[in-house]
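>>> only geometry, no sequence info:
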Ligand SMILES: Nc1nc2c(ncn2[C@@H]2O[C@H](COP(=O)(O)OP(=O)(O)OP(=O)(O)O)[C@@H](O)[C@H]2O)c(=O)[nH]1
């Protein structure tokens, strides 16, 4: 009967992940008496599995190294736990509704002992159990981890099964995906479960065992949607179709059509039902696929738990062989980085002298950094942080200030009126064509008052910026001494406050000086004044003599200005007013430039002084100040942060070294 059966379904396994050997359905001997994953255990594969197992034992995943793992996913009640049970020949919690509420890592290990050893591990606890009580023990452990309700938890539970007839195969069973929370489940149950599933199936090293119930349309399965997100082409997805007995019609078409693109292929199974023993269940499965009028048409290479078991073993072995070189590389890389980081941590200091030395080193290296970024324009230490490219940022700020200072102010009064008013107030008995110096100084003072705040604002902004820079440089260089960071930063802040005060005074002096004296040796002044004043005669003519009485007149450097309001003034007031306007305009341009120049030079000088001497002095003074509990002494106590960092790094190094040893044999063999 078997030989006459038409084989229709084709297998889609990739050549590297070849399927298990065929078995005759007529031969009753193939029904396993123990767990089904037995038979051909390849001696070449065994060392690979052992290596990964050792790495898993060492918990190398803690270091962010993913190991090849079979991850079982499926919609709720699709039969995930039943499949695992069938594979391992043990009872797991099964039923309607959510049973698996935490990631269950199932580690099957072949053992030569006739007595199975079974134990659970979770939250540093080891709970021995036996075949009859596994389900109960898992339920109890799940309640401890995820609470007794219906909630889920990300903390894994590991079930070790050391038993004759099972190979080293590690699978992770995850909670079934549910869209709608059932009674007592949190509202975000879907997000919680799907997040957990994604975390397990995302690594390229994971093999996705997608459990699909024959009773549903595969294209609507949430687990398919999720696995396709991380494995678009289905290269690392294998589908197990459960409940073949419940929905035999159309199953053949479903697995043949492969609407959901599963490259590693499908295996249709019938799990244990009710109180059947595993032996009975396997026999029933065998019988079902052999005799059922529809199911018997499916290719025998893709039906039954024994086929699934063989297939998984080969897929896992092949995945391990493929991933191991990369795992070895990652272990070495992570080990190197951890050793380097540990070496960078400061020594534990035994005396004040050592602490002082360490402090001087911090100050010295911070000072060097500041010198490079603030004075020399060398930002190689911070290539990607533009804020720390200080000379450029300071130049930007200066040029912005210069533009802002020299921006033409909006004229509040009409053309020449300020000058006329001041001249009128400064008039005295004397010849009319002399401009009183007091009038010129008065108008100059008016101009200075208008811009007075800008240089002060600028200098404050500059020091605020430098304070930020100093603070990040200090933080970087004292990273290993968090216990003194606040004192050093305080010293930096105090220093900037002092410098700011001095600078503001200095800047105000620079500005005030401009009020008192009108002086420049800049030839540009005479040139500009001569140019501007040459239009004086025609201007006066347009205001006073032009019969057309024009309302506007074009003045060089001012554009078309209104002149109609000036007709009521006498020429002996208009002429000096025009002259004074041209003088003050020519002079003011020079004053503004000189303010910018002075500030720029002053800034350079103060930054240099800050870095070269004040910085070091201020920090040392702060750190040895006994009022503050002696900052240097604080360095003797290792900060808890560094201590825990040191501990963590040491643990990582130990684990990575052990992992390196664990893979060494395999690496040597393959070299
Ligand atoms: N008839 C039949 N019933 C099955 C088969 N596989 C599983 N079941 C039943 O389907 C129900 C759900 O199976 P489980 O194995 O608990 O499903 P699960 O996906 O682990 O469930 P959750 O972890 O709660 O999402 C149980 O009552 C099983 O007995 C099968 O092949 N045939």
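Nice, thanks for sending it over. Since the structure is predicted, the reported quantities are computational estimates derived from the model, not experimental observations.
>>> right, is the host helix or strand of residue 331 up against the ligand?
For residue 331, the enclosing helix or strand under DSSP states H and E is helix 305-344. No. On the criterion C-beta under 6 Å from any ligand atom, helix 305-344 is out of touch with the ligand, staying 9.7 Å away. Yep, even glycine has a C-beta here, placed from its N, CA and C like the rest.
>>> following that helix, which helix or strand comes up?
helix 352-370.
>>> Show me how far that next one is from its chain's centre.
Here helix 352-370 is found 31 Å from its chain centre; the criterion is C-alpha atoms, centre = their mean, to the nearest Å.
>>> Show me which residues of the helix or strand immediately after it in the chain are buried.
Downstream of helix 352-370, the next assigned helix or strand under DSSP H and E is helix 390-406. For helix 390-406, burial by neighbour count (16 or more other C-beta atoms under 10 Å) applies to 390, 391, 393, 394, 398, 401, 402, 405.
>>> Kindly report the same for stretch 593-603.
For stretch 593-603, burial by neighbour count (16+ other C-beta under 10 Å) applies to 593, 595, 596, 598, 599, 600, 603.
>>> ok, and the closest non-adjacent residue to the fifth one?
Leaving aside its sequence neighbours, residue 599 sits nearest to residue 455 (C-beta to C-beta, 6 or more residues apart in numbering; 6.1 Å).
>>> now do the fourth one
In space, not counting the residues next to it along the chain, residue 598 is nearest to residue 510; the distance is 5.1 Å by C-beta to C-beta, 6+ apart.
>>> distance of that neighbour from residue 425?
For residue 510, the distance to residue 425 (C-beta to C-beta, to the nearest Å) stands at 28 Å.
>>> neighbour-wise, which of the two wins?
residue 510 (16 against 11; other C-beta atoms under 10 Å).
>>> contacting residues around the more buried one?
455, 595, 598, 599, 602 (C-beta atoms under 8 Å, 6 or more residues apart in numbering).
>>> Same question for residue 618.
The contact partners of residue 618, by C-beta under 8 Å, 6+ apart, come to 491, 492, 494, 495.
>>> give me the residue from the stretch 451-600 of the chain nearest the ligand.
Closest approach of the stretch 451-600 of the chain to the ligand (C-beta to the nearest ligand atom) occurs at residue 482, with a separation of 46.1 Å.
>>> just checking, that residue touches residue 639?
Yes. In this structure residue 482 lies within contact range of residue 639 using C-beta atoms under 8 Å: 4.7 Å.
>>> Compare neighbour counts for these two and give me the winner.
More crowded of residue 482 and residue 639, by other C-beta under 10 Å: residue 639, with 17 against 13.
>>> wait, that one sits on residue 479?
No. With contact defined as C-beta under 8 Å, residue 639 does not reach residue 479; the gap is 10.6 Å.
>>> picking up where we left off before, just the element for the residue nearest to residue 598, please.
Residue 510 belongs to helix 482-516, assigned by DSSP H and E.
>>> Buried subset of the contacts of residue 618 as a PyMOL selection?
Those of those that count as buried under 16+ other C-beta under 10 Å are selected in PyMOL with:
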select buried, resi 491+492+495
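>>> For stretch 651-669, buried residues please.
Buried residues in stretch 651-669, counted by 16+ other C-beta under 10 Å: 652, 653, 655, 656, 659, 660, 662, 663, 666.
>>> Go ahead and confirm the second one touches residue 335.
Yes. Counting by C-beta under 8 Å, a contact exists between residue 653 and residue 335, whose distance comes to 6.6 Å.
>>> ok, which stretches of the stretch 151-300 of the chain are strands?
Under the criterion DSSP state E, counting those that start in this stretch, the stretch 151-300 of the chain contains strands at 157-163, 169-173, 206-213, 237-242, 266-268.
>>> With distance to the ligand, mean neighbour count and mean pLDDT added, can I get these in a markdown table?
Listed next are those as a markdown table, based on distance: least, C-beta to the nearest ligand atom, whole Å; neighbours: other C-beta atoms under 10 Å; pLDDT from 0 to 100:
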| stretch | distance to the ligand | mean neighbour count | mean pLDDT |
| --- | --- | --- | --- |
| strand 157-163 | 13 | 21 | 88 |
| strand 169-173 | 7 | 23 | 85 |
| strand 206-213 | 6 | 26 | 94 |
| strand 237-242 | 4 | 26 | 94 |
| strand 266-268 | 9 | 28 | 94 |
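>>> would TSV of these with distance to residue 502 be doable?
What follows is these, written out as TSV (distance: least, C-beta to C-beta, whole Å):
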stretch	distance to residue 502
strand 157-163	66
strand 169-173	66
strand 206-213	64
strand 237-242	70
strand 266-268	80
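>>> SS state for the residue nearest to residue 599?
Secondary structure state of residue 455, per DSSP: H, G, I helix; E, B strand; the rest coil, is helix.
>>> What residues does it make contact with?
401, 405, 507, 510, 511, 595, 599.
>>> What confidence value was assigned to the residue nearest to residue 409 when sequence neighbours are not counted?
The shortest distance from residue 409 to any non-neighbouring residue, by C-beta to C-beta, 6+ apart, is to residue 450 (6.3 Å). Note for residue 450: predicted pLDDT of 89.
>>> Same question for residue 472.
If you check residue 472, the pLDDT there is 92.
>>> again with the one 5 residues further on
Looking at residue 477, its pLDDT stands at 89.
>>> got the contact list for it?
Counted by C-beta under 8 Å, 6+ apart, residue 477 has contacts 362, 365, 366, 369.
>>> and if you look at residue 496?
Listed by C-beta under 8 Å, 6+ apart, the contact set of residue 496 reads 463, 466, 467, 470.
>>> how about those residues in CSV, adding secondary structure?
As requested, the contacts of residue 496 are exported to CSV (three-state DSSP):
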residue, secondary structure
463, helix
466, helix
467, helix
470, helix
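>>> where does this structure have its least confident helix or strand?
helix 631-634 (a mean of 73; mean pLDDT, DSSP states H and E).
>>> following that one, which helix or strand shows up next?
Counting by DSSP H and E, what follows helix 631-634 is helix 640-670.
>>> in the chain, what residue is nearest the ligand?
Distance from the ligand to each residue of the chain (C-beta to the nearest ligand atom) is smallest for residue 176, at 2.4 Å.
>>> Would you mind listing what in the stretch 251-400 of the chain touches the ligand?
270, 271, 273.
>>> and these, which are buried?
By neighbour count, with 16+ other C-beta under 10 Å, those hold 270, 271 as buried.
>>> would a markdown table of the residues of the stretch 251-400 of the chain next to the ligand with pLDDT be doable?
Shown next, in a markdown table, are these (pLDDT from 0 to 100):
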| residue | pLDDT |
| --- | --- |
| 270 | 94 |
| 271 | 92 |
| 273 | 88 |
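>>> Tell me the one of the residues of the stretch 251-400 of the chain next to the ligand nearest residue 439?
The nearest member of those to residue 439, counting by C-beta to C-beta, is residue 271 at 106.3 Å.
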